[in-house]
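**Student:** sequence first, predicted model second:
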Amino acid sequence: MSDVKEPMQPIPISAAREIAKKYGYDQVVIVARRVSETDSEVGGEHVTTYGRDKANCAVAAQIGDYLKYKTMGWIKTEETKP
């Protein structure tokens, strides 16, 4: 395994949409994490959601928010509050 890691990038909604279409799902929630193994390494988390229509999009977003704020412990800021 290489010591050089690719930079973390947001996972686009189009990637979640591709998964939904390829595998036949109405909602897709992607949770990605990089765990830092040393003090100098930067870790991070990312959540992407997709729903095939407005109702499914809203449910996927609720699931994503639950995971971010209740499970993973993200802190809501002014820009993330509804």
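**Tutor:** Cool, the structure landed.

**Student:** which one is the spatially most central residue of the chain nearest to, not counting chain neighbours?
**Tutor:** Here the mean C-alpha position of the chain is nearest to the C-alpha of residue 47 (Cα atoms, centre = their mean), at a distance of 1.1 Å. Take residue 47 and drop its neighbours on the chain: the residue closest to it by Cβ to Cβ, 6 or more residues apart in numbering is residue 64, 4.7 Å away. (Each C-beta comes from the backbone N, C-alpha and C, glycine too.)

**Student:** do a quick rundown of the strands in the chain.
**Tutor:** Using DSSP state E, the strands assigned to the chain run over residues 27-34, 44-51.

**Student:** so of those, which one's packed in deepest?
**Tutor:** Stretch with highest mean neighbour count among these: strand 44-51 (a mean of 18; mean count of other Cβ atoms under 10 Å).

**Student:** can you give the strand pairings for that one, parallel or anti for each?
**Tutor:** Each strand that pairs with strand 44-51, with its direction, by DSSP bridges: strand 27-34 (antiparallel).

**Student:** which stretches of this protein have low pLDDT?
**Tutor:** Confidence mapping of the chain against pLDDT under 70 gives the ranges 1-4, 81-82.

**Student:** which helix of it spans the most residues?
**Tutor:** When secondary structure is assigned using DSSP state H, the longest helix within the chain turns out to be helix 54-66.

**Student:** that one to strand 27-34, inter-axis angle?
**Tutor:** What separates the directions of helix 54-66 and strand 27-34 is an angle of 30 degrees, with axes from the mean of the first three to the mean of the last three Cα atoms, to 10 degrees.

**Student:** just checking, what packs against helix 54-66?
**Tutor:** Applying 3 or more Cβ pairs under 8 Å, 6 or more residues apart in numbering; DSSP states H and E, we find helix 54-66 packed against strand 27-34, strand 44-51.

**Student:** good, wrapping up.
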